[in-house]
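Visitor: no FASTA, just this:
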């Protein structure tokens, strides 16, 4: 299952975002690109156009990430793609609060048409001491209104004194969510927040040394963040068992999910299993032979509004061989209008 980690605790970066996308390896996906002049994201090609996405950012600083909610039993495939929520937010011009209010009303009307999700969205705008508020919207609480949380807006300046004060302050500005409710995090989220806080603390100490220039410091930070996204906590006994049921039950424990065989036929074999989508959902998606972490993403937004977007593709087809890697793409751009905000 996927994981999203975010922090506003680094004094050189208004936001640091980390994401693992865990998915069946046969699900058709494009790598991140500017498919629209203003919108950067990968695209989920499993459904008919318009294609949704799980993560994206615009040149104006709109950012959104969606994570599926892990249902009991088979995951529900709704009439409407959850990835379209990200696309819609990125394409809109409303404030986060106005868009969230409208989305909550619409999702309540379409409750039976959309699978469980948590949507993190907001505008990357400095507010004097941090970022404007981001929303976390879920449709698996008692009501969408009650299930909406707001983060970032109350974060204080990143002025630190003393190691314990630093660590506590970093943790308070570091957030995480996976495929459960935001306020009921899985163990992998707790572990991820702690590890990200340690990386930020170590980065602060490293930045005080003179042996690395700014570019080298950023690259070292990116590498440490990708290392975090590659931490596998699934026990050797469970991995060795090859039991898909045991492996799927372990997904809440591990930040990284090594690709494993699901017990279903691969794309080159006879399809052994289908999800049960609604007939009007527009597609019939075969669950593939392998499942695991497919894509790792790191987004750095500097305090001057410069974006560094790093996407690492680990798998692009339904097998688990070393030749099944597309590599890494990097995009850099300046958020338009950043200097217009306090």
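Guide: Nice, thanks for sending it over. All figures in this text were calculated on a predicted structure; none of them were measured in a lab. Residues are numbered from 1 along each chain as shown.
Visitor: by mean pLDDT, point me to the weakest helix or strand of this structure.
Guide: helix 163-172 (a mean of 84; mean pLDDT, DSSP states H and E).
Visitor: which other helices and strands contact that helix?
Guide: helix 187-207 (3 or more CB pairs under 8 Å, 6 or more residues apart in numbering; DSSP states H and E). (C-beta placed from N, C-alpha, C; glycine too.)
Visitor: packing partners for the helix it packs on?
Guide: Against helix 187-207 (3+ CB pairs under 8 Å, 6+ apart) you get strand 3-7, strand 13-24, helix 163-172, strand 174-177, helix 214-229.
Visitor: repeat the analysis, applying 6 Å as the threshold.
Guide: strand 3-7, helix 163-172, strand 174-177, helix 214-229 (3 or more CB pairs under 6 Å, 6 or more residues apart in numbering; DSSP states H and E).
Visitor: tell me the contacts of residue 189?
Guide: Residues in contact with residue 189, defined by CB atoms under 6 Å, 6 or more residues apart in numbering, are 176, 178.
Visitor: same deal with the one 10 residues further on?
Guide: In this structure, residue 199 makes contact with residue 224, judged by CB under 6 Å, 6+ apart.
Visitor: ok, it to residue 224 distance?
Guide: 5 Å (CB to CB, to the nearest Å).
Visitor: would you state the strands of this structure in chain order?
Guide: For the chain, the strands defined by DSSP state E cover 3-7, 13-24, 29-36, 39-44, 55-58, 62-68, 117-123, 134-138, 149-151, 174-177, 260-261, 290-302, 306-313, 327-334.
Visitor: count the residues that sit near residue 241.
Guide: Look at residue 241: counted by other CB atoms under 10 Å, it has 13 neighbours.
Visitor: ok, and the closest non-adjacent residue to residue 63?
Guide: residue 57 (4.6 Å; CB to CB, 6 or more residues apart in numbering).
Visitor: so the one you found touches residue 38, yeah?
Guide: No. In terms of CB atoms under 6 Å, residue 57 does not count as a neighbour of residue 38; the distance is 9.8 Å.
Visitor: neighbour-wise, which of those two wins?
Guide: Remark: of residue 57 and residue 38, residue 57 carries more neighbours, 25 against 13, as counted by other CB under 10 Å.
Visitor: measure the more buried one to residue 301 for me?
Guide: Distance from residue 57 to residue 301, by CB to CB: 9 Å.
Visitor: show me the shaky parts of the stretch 101-250 of the chain.
Guide: 111-112, 129, 142-145, 155-164, 207-210 (pLDDT under 70).
Visitor: change it to 80
Guide: Residues of the stretch 101-250 of the chain meeting the criterion pLDDT under 80: 108-113, 128-130, 141-147, 154-165, 206-211.
Visitor: residue 182: neighbour count?
Guide: 21.
Visitor: now the closest residue to it other than its chain neighbours: how far from residue 118?
Guide: Nearest in space to residue 182, with sequence neighbours left out and distances taken as CB to CB, 6+ apart, is residue 136 at 5.1 Å. Distance of residue 136 to residue 118, computed by CB to CB: 6 Å.
Visitor: please apply the same query to residue 152.
Guide: For residue 152, the distance to residue 118 - CB to CB - is 16 Å.
Visitor: neighbour count: these two, which is higher?
Guide: For residue 152 versus residue 118, the count of surrounding residues by other CB under 10 Å is larger for residue 118: 26 against 21.
Visitor: might one say that that one is in contact with residue 140?
Guide: No. Under the criterion of CB under 6 Å, residue 118 makes no contact with residue 140, lying 7.9 Å away.
Visitor: what's the neighbour count on residue 300?
Guide: 21.
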